[in-house]
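Peer 1: Take this sequence and fold it.
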Amino acid sequence: MSAALLEPLTLKGVTLPNRIVISPMQQYMAGRDGLARDWHFVHLAKMAVGGAGLVFTEALAIEPDARVTYHDLGIWSDDHLEGLKRLAGGIADHGAVPATQLIHAGRKASVAPPYHGFEPLSEKDEAERGEKPWPVVAASALEANPGWPVPRALSRDEIKRLLERFAECTKRARKAGFRVLDMHGAHGYLIHSFLSPLSNTRDDEYGGDLAGRMRFALEVADAVRSEWPAELPFFYRLSCIDDAEGGWTLDDSVALSRELAAHGVDVIDCSSGGLGRRTTPLIIPREPGYQVPFAARIRAEAKVPTMAVGLIMDPHHANEIVESGQADLIAIGREALNNPNWGVQAQVALKGTDAYETEWPKSYAWWLHRRAKALEASAAKRQ
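Peer 2: Model prediction:
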């Protein structure tokens, strides 16, 4: 039994064993040095054992002030390489392609982790945990939310320095052994703050019309490609819509995706929203696959492969998205936290119980296959 979700996909010089991807998911488990720890290794190796074809680490900050919280992983120093090599090696050793994502959190940096409120750091955080707030930057001096710190608008010289940092950190990602790289240009972080007319009021070449607001995103792509080998795939995460009046639109995302493809981007990672308030802590009614139409339209009109994400939990639904040509890859996030074996369970759901012996780790497969056959025999006997 064939299933599009389970078919290999070759991107540049890398072949993914299937179309199942583990999204970058912040764990808030690093120390203030931003170094990878045992938690990150276990978390990611488990996802590879669980059958995903491509496994991303959480987003890696390109400098200390680029972190969302004090507890995020970093890649701003060669000191990070040893731990990141261990993560990439662990993912590869357990059957998946190792991938990572770069981030600068911009005006949404300097916040407490979710279990301490997920709000901007304050004197209270400094007194209780020694987490002193740091200044934030953005395209323009506009706060992300009412009452949040007003960022400093980046100067041209600071933009140039950040482009150098993106290139430098890309080189480290390559040295660490990652085979796919994603750029976080969504969710209100630095790149997104340049793209949206709601957060970018600049009057220089980095603001104004769509071409001006896209300039920084495209220059980041060029900086990454200057250090990322031509044979390795490069993804770019976009908030495809701001979902706010006067904001970034899907038409804009289609136009940007065409340009990104011309600047060496191979896959558009299609998310949405997040320019201001964080939606992750909120309870918002959403349907499974609610962001798939963004991936479908960009794929059709920009002629670039896409990755769909957002409440995709059922393997049959995921397979239908790929089979119908709406997206090339399916990214699983919170569902993988709930079920790290989602990938190999998708094999069973789409191929039948014989997939236990062909797709699952041998140390699991022998037992699970026989249990499945025993249950089938019992069911047949009752009929």
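
Peer 1: Do you have the helices of the stretch 1-150 of the chain handy? List them.
Peer 2: With DSSP state H, counting those that start in this stretch as the criterion, the stretch 1-150 of the chain has helices at 38-49, 81-93, 123-129.

Peer 1: Could you export those helices as TSV, including mean pLDDT?
Peer 2: As requested, these are exported to TSV (pLDDT from 0 to 100):
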stretch	mean pLDDT
helix 38-49	98
helix 81-93	98
helix 123-129	96
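
Peer 1: between the ones you listed, which gets nearest to residue 156?
Peer 2: Nearest to residue 156, of all the helices of the stretch 1-150 of the chain, is helix 81-93, at 30.8 Å by CB to CB. (Glycine included, C-beta is placed from N, CA and C.)

Peer 1: thought residue 200 was touching residue 207?
Peer 2: Yes - contact criterion CB atoms under 8 Å: residue 200 and residue 207 qualify, at 5.2 Å.

Peer 1: of these two, who's got more company?
Peer 2: Neighbours were tallied for residue 200 and for residue 207 using other CB atoms under 10 Å; the higher tally belongs to residue 200 (22 against 18).

Peer 1: For residue 312, see how far away residue 288 is.
Peer 2: Going from residue 288 to residue 312 by CB to CB, to the nearest Å gives 6 Å.

Peer 1: tell me the SS of residue 379?
Peer 2: For residue 379, the assignment made with DSSP: H, G, I helix; E, B strand; the rest coil gives helix.

Peer 1: thinking again about what came up before, specify which residue of residue 288 and residue 312 has the higher count of neighbours.
Peer 2: Legend: neighbour count by other CB under 10 Å for residue 288 and residue 312, higher for residue 312 (23 against 13).

Peer 1: and that one, what does it touch?
Peer 2: By CB atoms under 8 Å, 6 or more residues apart in numbering, the contact set of residue 312 is 288-289, 292, 318, 321, 330-332, 335.

Peer 1: Report the buried members of these.
Peer 2: 289, 292, 318, 321, 330-332, 335 (16 or more other CB atoms under 10 Å).

Peer 1: Same list, these, but as a markdown table with distance to residue 254 and pLDDT please.
Peer 2: Formatted as a markdown table, those follow (distance: CB to CB, whole Å; pLDDT from 0 to 100):
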| residue | distance to residue 254 | pLDDT |
| --- | --- | --- |
| 289 | 19 | 91 |
| 292 | 15 | 97 |
| 318 | 24 | 98 |
| 321 | 19 | 98 |
| 330 | 21 | 98 |
| 331 | 20 | 98 |
| 332 | 25 | 97 |
| 335 | 28 | 96 |
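
Peer 1: right, and out of these, which lies closest to residue 115?
Peer 2: Using CB to CB, the buried ones among the contacts of residue 312 come closest to residue 115 at residue 335, 20.9 Å.

Peer 1: From residue 27, how far out is the closest one?
Peer 2: Distance from residue 335 to residue 27, by CB to CB: 16 Å.

Peer 1: Might one say that residue 184 is in contact with residue 108?
Peer 2: No - using CB under 8 Å, residue 184 is not in contact with residue 108, being 11.0 Å away.

Peer 1: quick revisit: would you mind telling me which of the helices of the stretch 1-150 of the chain is nearest residue 343?
Peer 2: helix 38-49 (8.0 Å).

Peer 1: Show me which positions of that closest one end up buried.
Peer 2: Buried, per 16+ other CB under 10 Å, within helix 38-49: 40-41, 43-49.

Peer 1: pLDDT weak spots in the stretch 151-300 of the chain?
Peer 2: By pLDDT under 70, the weakly predicted segments of the stretch 151-300 of the chain are 278-284.

Peer 1: change it to 80
Peer 2: Applying pLDDT under 80 to the stretch 151-300 of the chain picks out residues 277-285.

Peer 1: Quick check: buried residues in the helix or strand hosting residue 373?
Peer 2: Assigning secondary structure by DSSP states H and E places residue 373 in helix 362-382. The neighbour-count check on helix 362-382 (16+ other CB under 10 Å) flags 365, 368-369, 372 as buried.

Peer 1: cool, and stretch 215-233?
Peer 2: 215-221, 223-225, 227-228, 232-233.

Peer 1: repeat for stretch 296-305
Peer 2: Within stretch 296-305, the residues that qualify as buried by neighbour count (16+ other CB under 10 Å) are 296-299, 302, 304-305.

Peer 1: Out of those, list just those in helices.
Peer 2: Cross-referencing the buried residues of stretch 296-305 against helices under DSSP state H gives 296-299, 302.

Peer 1: If anything else comes up later, I'll come back, but that's it for now.
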